[in-house]
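> Below is the structure, and that's it, no one-letter string:
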């Protein structure tokens with residue numbers, strides 16, 4: 001290929017990913033408006049800060065932070081007026097130098113009411129806190145369960161009540177929980193702040209009660225106002241339910257900072273970290289490498305050199321199982337074991353062509369052994385997905401691809417060192433599982449705007465389902481209609497394509513975030529820092545025949 005053609009390809013790649021990142025940021029800007037300018041103005045009129053303003057004030061200025069679930073609820077609940085960011089903002093950042101996770105209800109979105117996705121996002125925040133022994137701070141301002149959808153948020157195992165069960169489990173595990181009642185806190189939701197270790201309440205705006213004035217009137221005929229029933233004076237001076245009475249939001253947040261400042265230090269996992277070094281290639285080089293057409297191969301090793309310190313990689317079994325690259329490296333100083341799908345077309349030792357992004361028996365075997373080694377040496381694992389699945393066909397089935405794939409999935413499932421997943425491109429079928437998709441408990445999982453997550457690609461799914469439909473017609477003695485066949489194919493493909501986007505995945509919290517590829521190192525580094533707070537259990541791989 002001539003230099004001119006290469007330069008044109010690079011320009012197309014850069015333009016495509018810059019456009020994708022720009023579209024992502026535009027959507028984020030809209031999400032960050034919450035319920036809109038009028039509701040923000042109303043909140044300010046009540047003397048309250050917004051959820052994001054509270055978090056900005058609480059976290060250390062100038063320190064890195066990552067937001068979990070910003071796209072949760074995206075394009076969902078349209079019939080209910082939408083639910084930007086699931087009506088709750090979750091951020092991992094630093095308070096007085098201590099890494100914490102902050103959960104803040106957004107009162108501009110349906111008064112902070114809990115939709116089904118709100119519950120799922122809160123549970124995810126608590127899961128992150130529990131796995132990493134990360135202190136959790138709740139900034140409560142919520143009207144409670146969104147009643148029109150109560151059957152989808154109230155009674156099941158992973159619903160609203162699980163939040164309070166987790167409060168108890170976090171407390172039992174010695175993980176600090178601080179709650180600030182900065183607005184309404186009603187009914188079952190009243191348990192969340194009071195089951196935390198310490199609770200603060202803001203005068204005039206904060207209130208907490210099992211039943212509000214209207215329900216009290218309906219239930220027992222008593223007339224009472226909110227402040228008398230469950231305001232700051234009531235719970236700080238009479239009931240003793242809360243621990244600190246605060247005059248305003250800022251004083252409340254300042255007091256939380258002082259409380260966090262006094263936390264003791266706990267045992268760490270002992271992950272190795274040296275002085276961080278910059279990658280060998282500029283991070284912006286990533287934009288040049290990821291092809292505009294996701295079917296095209298690219299230089300996976302070159303991509304890694306944009307992510308790891310000084311571009312240094314120690315490849316494990318470099319010349320075996322080439323469709324997966326396994327390597328030891330450092331990211332922002334942290335020692336990591338990287339498992340990444342090699343998107344180059346390669347030849348194995350027999351001279352046979354192997355397609356990039358496909359997991360073959362030899363690559364599954366290699367990855368299994370590498371994952372076990374990282375567990376043995378207490379090295380966190382980083383999975384970079386661009387996988388179309390395991391190899392299929394007679395030769396692969398006869399060669400035991402299912403068995404080899406099962407070994408890899410077993411190793412991933414039983415791994416006790418923290419795992420971090422970044423979905424770069426495709427993440428299809430069992431390949432998603434083997435590369436530590438959401439079902440396999442990554443500590444954090446993020447997607448680039450180029451990601452696609454599904455059981456298979458839209459075109460493949462449409463072909464399969466169209467063939468089934470045509471076969472069904474033939475069995476009935478009906479001739480397939482070519483035009484109808486094409487229409488069916490396009491309809492199925494369009495549906496699948498819409499469901500494979502990273503936005504569809506992020507809306508349902510299959511991934512924690514969609515991120516600019518340039519933020520990948522930050523996500524991995526902050527994730528390992530959090531994971532280092534939790535000692536690692538001994539690795540027990542179960543039955544893996546190697």
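Structure received. Note that the structure is predicted; figures quoted are calculated from it, not measured. Residues are numbered from 1 along each chain as shown.

> And the residue lying farthest from the centre of the chain, its phi and psi?
Among residues of the chain, the one most distant from the C-alpha centroid is residue 477; the distance is 49.2 Å, by Cα atoms, centre = their mean. Dihedral pair for residue 477: phi 80, psi 20, per degrees, to the nearest 10.

> Relative to residue 265, how far out is it?
In this view, residue 477 and residue 265 are 76 Å apart by Cβ to Cβ, to the nearest Å. To be clear about C-beta, it is placed using only N, CA and C from the backbone, and glycine gets the same treatment.

> Repeat that for residue 181.
Applying Cβ to Cβ, the value for residue 181 to residue 265 is 28 Å.

> So between these two, which is more surrounded?
Counted by other Cβ atoms under 10 Å, residue 181 and residue 265 do not tie: residue 181 has more neighbours, with 31 against 7.

> State the three-state secondary structure for that one.
Secondary structure state of residue 181, per DSSP: H, G, I helix; E, B strand; the rest coil, is strand.

> Test my guess that it contacts residue 142.
No - in this structure, residue 181 is not within contact of residue 142 by Cβ atoms under 8 Å, at 9.9 Å.

> wait, what's in contact with the residue lying closest to residue 34 once chain neighbours are set aside?
Residue nearest to residue 34 in three dimensions, not counting chain neighbours: residue 108, with 4.0 Å by Cβ to Cβ, 6 or more residues apart in numbering. Taking Cβ atoms under 8 Å, 6 or more residues apart in numbering, we find residue 108 in contact with 34-36, 39-40, 43, 50-51.

> Of those, which count as buried by neighbour count?
Neighbour-count burial (16 or more other Cβ atoms under 10 Å) applied to the contacts of residue 108 gives 34-35, 39-40, 43, 50-51.

> out of these, what pair is the most spread apart?
Largest separation among the buried ones among the contacts of residue 108 by Cβ to Cβ: 39 and 51, giving 11.5 Å.

> Need the residues touching each of the two.
With Cβ under 8 Å, 6+ apart, residue 39 and residue 51 have common neighbours 107-108.

> where along the stretch 251-400 of the chain do the strands fall?
Secondary structure of the stretch 251-400 of the chain (DSSP state E, counting those that start in this stretch): strands at 314-316, 324-331, 334-341, 346-347, 353-354, 358-359, 381-387, 389-390.

> deepest of those strands, which one?
The highest mean neighbour count among these, using mean count of other Cβ atoms under 10 Å, belongs to strand 381-387: a mean of 27.

> ok, residues contacting that strand?
300, 304, 331, 336-341, 343, 357-359, 371, 374, 415, 417-428, 431-432, 434-437, 442, 451, 524.

> ok, now with 6 Å
Contact with strand 381-387 is made by 336-341, 343, 357, 374, 417, 419-427, 431, 435-436, 524, as judged by Cβ atoms under 6 Å, 6 or more residues apart in numbering.

> With stretch 352-372 instead?
For stretch 352-372, the surrounding residues in contact (Cβ under 6 Å, 6+ apart) are 297, 316-317, 320-321, 323-324, 326, 339, 341-346, 348, 386-388, 390-391, 399, 401, 404-405, 407-408, 411, 415, 431.

> Now which of those would you call buried?
316-317, 321, 323-324, 326, 339, 341-344, 346, 348, 386-388, 390-391, 401, 404-405, 407-408, 411, 415, 431.

> which residue packs closest to residue 506, ignoring adjacent ones?
With sequence-adjacent residues excluded and distances taken as Cβ to Cβ, 6+ apart, residue 506 is closest to residue 71, at 3.6 Å.

> does that neighbour count as helix, strand or coil?
Following three-state DSSP, residue 71 is assigned to coil.

> Roughly how far does it sit from residue 513?
Distance of residue 71 to residue 513, computed by Cβ to Cβ: 7 Å.

> So for those two, which residue has more residues nearby?
Neighbour count, other Cβ under 10 Å: between residue 71 and residue 513, residue 71 has more, with 27 against 21.

> for the closest residue to residue 418 other than its chain neighbours, what are its contacts?
The shortest distance from residue 418 to any non-neighbouring residue, by Cβ to Cβ, 6+ apart, is to residue 531 (3.7 Å). With contacts defined as Cβ under 6 Å, 6+ apart, residue 531 is in contact with 132, 418, 443.

> The residue nearest to residue 506 contacts residue 508, correct?
No - assessed by Cβ atoms under 6 Å, residue 71 is found out of contact with residue 508, at 9.3 Å.

> helix/strand/coil for the residue nearest to residue 34?
Assigned by three-state DSSP, the conformation of residue 108 is coil.

> Could you pull up phi and psi at it?
Taking degrees, to the nearest 10, you get phi -80, psi -10 for the backbone angles of residue 108.

> ok, it to residue 190 distance?
Residue 108 sits at a distance of 21 Å from residue 190 (criterion: Cβ to Cβ).

> One more: residue 369?
Residue 369 is 51 Å from residue 190, by Cβ to Cβ.

> who touches the nearest residue to residue 303 once chain neighbours are set aside in this structure?
If the residues on either side of it in the chain are set aside, residue 303 comes closest to residue 289, at 5.1 Å by Cβ to Cβ, 6+ apart. By Cβ under 6 Å, 6+ apart, the residues touching residue 289 are 298, 302-303.
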